[in-house]
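**Student:** give the three-dimensional model of this entry:
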Amino acid sequence: MVSLQIQMYQLSRLLHDYHRVLYSHLEEYEVSPSLYAAPWFLTLFASQFPLGFVSRVFDLLFVQGTEVIFKVALCLLSNCEGEILECDSFESIVDYLKTTIPTLTHNQMEETITKALEMDISKQLHAYEVEYHVLQDEMVDSAPPSEDLERLDRLEKTSVQLKKQNMDLLEKLQAARVKIQSLENSVESFLARESQMKHLIRSLEQEKASYQKTIERMRNSLPAEVVAAGDVEMTQLKASGTSKTKTASKKP
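**Tutor:** Numbering: from 1, shown residues only. Next up, the predicted model:
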């Protein structure tokens, strides 16, 4: 997970240079980028954010490369800087970053994408990566053996935690994909049934029209006196049925 560690360092440096007050606030409560931004980078925001927003991020990613992830993350944090500064504990800050930011409104999401398009941080990212490697080399050269072991142990524990978090996020992503596929299949099934019903209705309407034309032709082919007699008989039958219905309704 060396690449992820470099990315977390780069995001921290971006916050330091672009939003110093927010950076200081997070540092005061020991909220490092790996606590909230690791899922953003590992899943390209798909684990927590709406699908529409994630698709926009993917569009930018294909056009501009991985730099987009940093720009979107930085814009999300800057858009909510005031609310984050109002949080006065480690728990409240982490909760806001993990649960509230992914539920931003559609307009706020669009504003984030627009701001990200206008940013250019490629030079800074390269400089921060070089800076990270230099600092790591200096730490290795200057650290006593005991500190080296402790640092290695911490890194190994962090690596294990990040790997576990990554696996959990991948499982959630896979479950979400299965659910989406199931819903899409259900929609296709409903659409197919609707199409069949519409086709059946059209067939019945055509059949009804055909019967009506046949009846009309038969009536036209019969002599007028036969048609008149038939109409009288039908009228009598209807009247008789109506009277029987009324009589039956009067009985206790």
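
**Student:** okay, CA-based contacts and neighbour counts for the rest of this
**Tutor:** Noted.

**Student:** now do the residue nearest to the spatial centre of the chain against residue 93, distance only.
**Tutor:** Geometric centre of the chain, nearest residue: residue 51, 2.4 Å, by C-alpha atoms, centre = their mean. In this view, residue 51 and residue 93 are 24 Å apart by C-alpha to C-alpha, to the nearest Å.

**Student:** can you check residue 121 too?
**Tutor:** The gap separating residue 121 from residue 93 is 26 Å, by C-alpha to C-alpha.

**Student:** who has more neighbours out of the two?
**Tutor:** Neighbour count, other C-alpha atoms under 10 Å: between residue 121 and residue 93, residue 93 has more, with 20 against 12.

**Student:** that one: helix or strand, and which one exactly?
**Tutor:** Assigned by DSSP states H and E, residue 93 falls within helix 90-95.

**Student:** from the chain's centre, how far out does that helix sit?
**Tutor:** When distances are taken as C-alpha atoms, centre = their mean, to the nearest Å, helix 90-95 is centred 24 Å away from the chain's centroid.

**Student:** now that helix: buried residues?
**Tutor:** 93-94 (16 or more other C-alpha atoms under 10 Å).

**Student:** kindly report the same for stretch 57-69.
**Tutor:** 57-58, 60, 67-69.

**Student:** what residues does that stretch touch?
**Tutor:** With contact meaning C-alpha atoms under 8 Å, 6 or more residues apart in numbering, stretch 57-69 is reached by 40-41, 44, 72, 113, 116, 121-122.

**Student:** could you turn the buried ones of these into a ChimeraX selection?
**Tutor:** In ChimeraX, this line selects whichever of these come out buried by 16+ other C-alpha under 10 Å:
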select :40,41,44,72,113,116
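
**Student:** how about the contacts of stretch 57-69 in CSV, adding secondary structure, pLDDT and distance to residue 215?
**Tutor:** Output for the contacts of stretch 57-69, formatted as CSV (DSSP: H, G, I helix; E, B strand; the rest coil; pLDDT from 0 to 100; distance: C-alpha to C-alpha, whole Å):
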residue, secondary structure, pLDDT, distance to residue 215
40, helix, 94, 71
41, helix, 94, 73
44, coil, 93, 68
72, helix, 95, 72
113, helix, 91, 67
116, helix, 90, 72
121, coil, 90, 81
122, helix, 89, 81
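
**Student:** nearest spatial neighbour of residue 103, chain-adjacent residues omitted?
**Tutor:** residue 49 (7.2 Å; C-alpha to C-alpha, 6 or more residues apart in numbering).

**Student:** and that neighbour, which of the three is it?
**Tutor:** coil (DSSP: H, G, I helix; E, B strand; the rest coil).

**Student:** now residue 120. Its backbone dihedrals?
**Tutor:** Dihedral pair for residue 120: phi -140, psi 100, per degrees, to the nearest 10.

**Student:** how far away is it from residue 71?
**Tutor:** On the measure of C-alpha to C-alpha, residue 120 and residue 71 end up 8 Å apart.

**Student:** again with residue 59
**Tutor:** 14 Å.

**Student:** contacts only, for residue 56.
**Tutor:** Taking C-alpha under 8 Å, 6+ apart as the criterion, residue 56 is in contact with residue 113.

**Student:** that one: which element?
**Tutor:** Residue-wise, residue 56 maps onto helix 51-64 under DSSP H and E.

**Student:** CA atoms only for that helix - export them in PDB, please.
**Tutor:** Output in PDB follows, covering the C-alpha atoms of helix 51-64 (Å, rounded to 0.1, in the frame of the first residue of the first chain):
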ATOM      1  CA  LEU A  51     -23.700   6.600  -8.500                       C
ATOM      2  CA  GLY A  52     -24.400   9.700 -10.500                       C
ATOM      3  CA  PHE A  53     -21.500  11.500  -8.800                       C
ATOM      4  CA  VAL A  54     -19.200   8.600  -9.200                       C
ATOM      5  CA  SER A  55     -19.900   8.400 -12.900                       C
ATOM      6  CA  ARG A  56     -18.900  12.100 -13.200                       C
ATOM      7  CA  VAL A  57     -15.700  11.400 -11.400                       C
ATOM      8  CA  PHE A  58     -15.000   8.500 -13.800                       C
ATOM      9  CA  ASP A  59     -15.600  10.800 -16.800                       C
ATOM     10  CA  LEU A  60     -13.000  13.200 -15.400                       C
ATOM     11  CA  LEU A  61     -10.600  10.300 -14.600                       C
ATOM     12  CA  PHE A  62     -10.600   9.100 -18.100                       C
ATOM     13  CA  VAL A  63      -9.900  12.600 -19.400                       C
ATOM     14  CA  GLN A  64      -7.400  13.900 -16.800                       C
END
